[in-house]
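Colleague: A structural model of the following input is requested.
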Amino acid sequence: QVFPSQDPLDRADFNAVEYINALFPTEQSLANIDEVVNKIRLKIRRLDDNIRTVVRGQTNVGQDGRQALEEAQKAIQQLFGKIKDIKDKAEKSEQMVKEITRDIKQLDHAKRHLTTSITTLNHLHMLAGGVDSLEAMTRRRQYGEVANLLQGVVNVLEHFNKYMGIPQIRQLSERVKAAQNELGQQILADFEEAFPSQGTKRTGGPSNVLRDACLVANVLDPRIKQEIIKKFIKQHLSEYLVLFQENQDVAWLDKIDRRYAWIKRQLVDYEEKYGRMFPAEWFMTERIAVDFCHITRAELSKIMRTRAKEIEVKLLLFAIQRTTNFEGLLAKRFSGCTLADGTGKKPEVPPPSTNPFLEDETGAETDEIVMEKSDTDKPKKPKVPDNPFHGIVSKCFEPHLYVYIESQDKNLGELIDRFVADFKAQGPPKPNVDEGGAVLPSCADLFVYYKKCMVQCSQLSTGEPMIALTTIFQKYLREYAWKILSGNLPKTTSSSGGLTITSLLKEKEGSEVAKFTLEELCLICSILSTAEYCLATTQQLEEKLKEKVDTSLMERINLTGEMDTFSIVISNSIQLLVQDLDAACDPALTAMSKMQWQNVEHVGDQSPYVTSVILHIKQNVPIIRDNLASTRKYFTQFCIKFANSFIPKFINHLFKCKPISMVGAEQLLLDTHSLKMVLLDLPSIGSQVVRKAPASYTKIVVKGMTRAEMILKVVMAPHEPPVVFVDNYIKLLADCSTDTFQKILDMKGLKRSEQSSMLDLFRLRLPAPPPGGDGSGSLSLSAPTPEQESSRIRKLEKLIKKRL
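Modeller: Residues are numbered from 1 along each chain as shown. Below is the predicted model of the structure:
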């Protein structure tokens, strides 16, 4: 591995015999044996020389190593000595630097201490002089000078916090605190003298002394400022408590305007008389208004609890409207910065509203509801600033909003009854094919009323009343779905058609009449369109309700059940349309199964039953399509459901056509192809605008009708030899059900004995079930691939063209 070699002699598995045989493979090669021996001997001598040289070269290696190690140790000792010398010199240099800088450091410390001492002495002189002046000015009530001086003294005193252990400094600090306490008590006494708490007559008034006193109060303990504000506001609103006592006539809700008119006059009076006395940063006007709101809220709550039976809906809404107007006026006039202060309890402000339905009060009741998806593409209106005063008074009405909720429950019940009566009086909507199915006007009226209630209630409260209103909404959405929509769907009865197979067979082509009239078809489509509109609008209504309600209550708003109700109405409407068209085609399919297909002698044009089916489709489908023009997806559902209903029924009637001759099978194959083409064109049949059918629908028709065509192809195939017939059946139909195979044999008209042998052979030729399968007799093979399906369709079309 260390010295790779290609020489065979160096190999680990060297074999001398094989090596010699390789050198002398034949007898003739032995002629040069001497030459080979000489070469080997020469190689041996060279190897001996190399070994000898290497051995001699290793004799002096140990002595050379010891000498090199001694030299390295000497070099290390010399290096260690040099490092020690350098370290000694560095220590001597450091000592010299310390001796040089020692005097400089002492001078720096002395300068810094001297500067601090001078500054502290200056502060001490200022503090001592300031305290003396402060005490003198306090006795003379020179509040203007005191306000500036006191702030300076307090600031200087902060520099002596670390010297409080010195008796003289501690004494000055105590004198400052005593002066502050004396100022606070003196200012409170001055305000008490100017604005006495007892008596209705104000003996004092605004003065420069009180104005300067307010400036001093800004510097003193905040409790002094709060006490001044509290006493002044209490004295200012004392008249309000007397005028609007609970036993006064003006205290009831019908005269709530007088409360707000009174505070407006008081605020104007305050601005004129006392506006300049208090500093602007005290926001006294706003504080008076906020305290008025708290008092009013408490008083209204108390009087409404006492006279709860006298509260009517109109009176309650009147009071709430005036109160919210007043709160809006406060929001325009004040910033709400005092609501978080300790002077008053901050009202519970609801989360900001993002409901685009919130509009001006004058237009909120008349504007139509706007819940279209296109609104999301439009630029949104600028967000209205939040009202910090919202609910500061109107919150007291929330416990009594049950009166409003009960009123809306009653109004909505009457509205639903009126919708029912109007529908019975006016009858179903007139068919208007050109404009498509119209949404019932009562639907728009209902949601317009919902919008009005939602906006109105959200202005009153965003808490539990909104949940109660949502419950009312849910109740009448269900009632609308069942009474107006489901209740007016045409009823299907077994005797409504009055048609029998015999009569249909005797009637001429095109004389059959569908179960539902044109008006009934239009009514079903109109109800379907209305339910679809209600479904979409209810979903958006749920989103808007969640935007209006408090965040903690959002999970309790769920209109999924109501949306499911409208989905059921839509499904029932589509099912009625499918049943109507399906029932109209039943007599034709029955006639097909009653024909004597073994007696058909030649293949002609499509059979009369096919013409009858096509006629019914052309009569019903264009009406349904035009009336569902606004809801194309539900028209597609109608087409899919009809195909899923008609095609299996057609195949079942096909199995009843027995026995069938070869010509009869060819005729049925032609009829099947004609029906297939009609069904593929079903979504746009009778329309001037040709539109490609949806892929999902086309797939269903192709799969179902191709199965019918394959059944007929199997019937047309000869049953001899039986093995080929069975294999052909399994290949074409991919159906391992013995029942289906039995039906095919019945269609061919085979005898029971032949059928028995065929069935035995069929069971033997069935492919083995996959592992884990149930092994049932009705096991189906995998569906043919699209390529196989299209190939069969092309072969079938060629066969039909050939027959024609």
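Colleague: Which stretches in the stretch 701-804 of the chain count as strands?
Modeller: For the stretch 701-804 of the chain, applying DSSP state E, counting those that start in this stretch gives no strands.
Colleague: all helices in it, in order from the N-terminus.
Modeller: All helices of the stretch 701-804 of the chain, identified by DSSP state H, counting those that start in this stretch, fall at 722-733, 738-748, 752-765, 786-803.
Colleague: How about the stretch 251-400 of the chain?
Modeller: Under DSSP H, counting those that start in this stretch, the stretch 251-400 of the chain gives helices at 256-274, 284-306, 313-333.
Colleague: per-residue confidence at the residue nearest the centre of the chain?
Modeller: Most central in the chain under C-alpha atoms, centre = their mean is Glu543, positioned 9.8 Å from the mean C-alpha point. If you check Glu543, the pLDDT there is 91.
Colleague: most tightly surrounded among the helices of the stretch 251-400 of the chain?
Modeller: The highest mean neighbour count among the helices of the stretch 251-400 of the chain, using mean count of other C-beta atoms under 10 Å, belongs to helix 284-306: a mean of 19. Where C-beta positions appear, they are placed from N, C-alpha and C, glycine not excepted.
Colleague: still on that earlier bit, please report how far the residue nearest to the centre of the chain lies from Thr560.
Modeller: As defined by C-beta to C-beta, to the nearest Å, Glu543 lies at a distance of 13 Å from Thr560.
Colleague: which secondary element of this structure has the worst mean pLDDT?
Modeller: helix 501-506 (a mean of 37; mean pLDDT, DSSP states H and E).
Colleague: Going C-terminal from it, what's the next secondary structure element?
Modeller: Downstream of helix 501-506, the first helix or strand assigned by DSSP states H and E is helix 518-548.
Colleague: List the buried residues in that following helix.
Modeller: Across helix 518-548, burial judged by 16 or more other C-beta atoms under 10 Å covers 520-535, 537-538, 540-542, 544-548.
Colleague: now swap in stretch 230-240 and tell me
Modeller: Here stretch 230-240 shows 231-233, 235-237, 240 as buried, counting by 16+ other C-beta under 10 Å.
Colleague: Make a markdown table out of the residues you listed and add distance to Gln28.
Modeller: Shown next, in a markdown table, are these (distance: C-beta to C-beta, whole Å):
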| residue | distance to Gln28 |
| --- | --- |
| Lys231 | 141 |
| Phe232 | 140 |
| Ile233 | 137 |
| Gln235 | 144 |
| His236 | 142 |
| Leu237 | 141 |
| Tyr240 | 143 |
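Colleague: Counting only helices, which of those make the cut?
Modeller: 231-233, 235-236, 240 (DSSP state H).
Colleague: on that earlier part again, can you list the helices of the stretch 251-400 of the chain in JSON lines and add distance to Lys751 and mean pLDDT?
Modeller: Converted to JSON lines, the helices of the stretch 251-400 of the chain look like this (distance: least, C-beta to C-beta, whole Å; pLDDT from 0 to 100):
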{"stretch": "helix 256-274", "distance to Lys751": "99", "mean pLDDT": "86"}
{"stretch": "helix 284-306", "distance to Lys751": "95", "mean pLDDT": "88"}
{"stretch": "helix 313-333", "distance to Lys751": "86", "mean pLDDT": "86"}
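Colleague: could you dump those helices to CSV with distance to Leu675?
Modeller: Putting the helices of the stretch 251-400 of the chain into CSV (distance: least, C-beta to C-beta, whole Å) gives the following:
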stretch, distance to Leu675
helix 256-274, 76
helix 284-306, 74
helix 313-333, 63
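Colleague: Show me the one of those that comes nearest Ser593.
Modeller: helix 313-333 (67.2 Å; C-beta to C-beta).
Colleague: Now the element after that closest one, going C-ward?
Modeller: helix 402-426.
Colleague: mean confidence for the helix or strand following that following helix?
Modeller: Counting by DSSP H and E, the next helix or strand C-terminal to helix 402-426 is helix 441-460. Averaging pLDDT along helix 441-460 gives 86.
Colleague: sorry, back to before: farthest-apart pair in the buried residues of stretch 230-240, please.
Modeller: Largest pairwise distance in the buried residues of stretch 230-240, by C-beta to C-beta, is 15.7 Å, between Lys231 and Tyr240.
Colleague: that older thread, so which of the helices of the stretch 251-400 of the chain is nearest Leu79?
Modeller: helix 284-306 (85.3 Å).
Colleague: Who are the packing partners of that closest one?
Modeller: If contacts are counted by 3 or more C-beta pairs under 8 Å, 6 or more residues apart in numbering; DSSP states H and E, helix 284-306 sits against helix 222-236, helix 238-243, helix 256-274, helix 313-333.
Colleague: can those helices go into JSON lines with extra columns for distance to Ile83?
Modeller: Listed next are the helices and strands packed on helix 284-306 as JSON lines, based on distance: least, C-beta to C-beta, whole Å:
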{"stretch": "helix 222-236", "distance to Ile83": "70"}
{"stretch": "helix 238-243", "distance to Ile83": "94"}
{"stretch": "helix 256-274", "distance to Ile83": "88"}
{"stretch": "helix 313-333", "distance to Ile83": "83"}
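Colleague: closest to Lys703 out of those helices?
Modeller: helix 313-333 (61.5 Å).
Colleague: hmm, back to that, compare the helices and strands packed on helix 284-306 and give me the one nearest Leu460.
Modeller: Leu460 sits nearest to helix 313-333 of all the helices and strands packed on helix 284-306, at 5.5 Å, using C-beta to C-beta.
Colleague: Could you check how far that closest one is from the centre of its chain?
Modeller: 35 Å (C-alpha atoms, centre = their mean, to the nearest Å).
Colleague: I'd like to know how many residues surround Asp7.
Modeller: Counted by other C-beta atoms under 10 Å, the residues lying close to Asp7 total 8.
Colleague: Would you list the phi and psi of it?
Modeller: Dihedral pair for Asp7: phi -70, psi 130, per degrees, to the nearest 10.
Colleague: how much space between the residue lying closest to Glu312 once chain neighbours are set aside and Trp282?
Modeller: Once flanking residues are discounted, Glu312 sits nearest to Val403: 7.2 Å by C-beta to C-beta, 6 or more residues apart in numbering. Using C-beta to C-beta, Val403 is found at 41 Å from Trp282.
Colleague: which of these two has more neighbours?
Modeller: Trp282 (18 against 15).
Colleague: ok, the closest residue to that one other than its chain neighbours - how many residues close by?
Modeller: Counting by C-beta to C-beta, 6+ apart, Trp282 lies nearest to Ile229, which is 6.8 Å off, once chain neighbours are set aside. Counted with other C-beta under 10 Å, residues neighbouring Ile229 total 22.
Colleague: Please report the distance of Ile229 from Arg752.
Modeller: From Ile229 over to Arg752 (counting by C-beta to C-beta), the distance is 111 Å.
Colleague: Repeat that for Arg691.
Modeller: For Arg691, the distance to Arg752 - C-beta to C-beta - is 51 Å.
Colleague: And those two? Which one has more around it.
Modeller: Using other C-beta under 10 Å as the criterion, Arg691 and Arg752 rank with Arg691 on top: 10 against 7.
Colleague: so which strand or helix has that one?
Modeller: Secondary structure assignment for Arg691, by DSSP H and E: no helix or strand.
Colleague: Enumerate every residue touching it.
Modeller: 683-684 (C-beta atoms under 8 Å, 6 or more residues apart in numbering).
Colleague: Can you list phi and psi of it for me?
Modeller: Here Arg691 shows phi and psi, under degrees, to the nearest 10, equal to phi -120, psi 140.
Colleague: Next: Gln688.
Modeller: Backbone phi and psi, for Gln688 under degrees, to the nearest 10, turn out to be phi -70, psi -30.
Colleague: distance of it from Thr698?
Modeller: With distances taken as C-beta to C-beta, Gln688 is found 21 Å from Thr698.
Colleague: Of those two, which one has the most company?
Modeller: Using other C-beta under 10 Å as the criterion, Gln688 and Thr698 rank with Thr698 on top: 17 against 5.
Colleague: Surely that one and Leu680 touch.
Modeller: Yes: the criterion here is C-beta atoms under 8 Å, and Thr698 meets it with Leu680 at 6.4 Å.
Colleague: Now for Thr636, how many residues are close by?
Modeller: By other C-beta under 10 Å, neighbour count at Thr636 equals 16.
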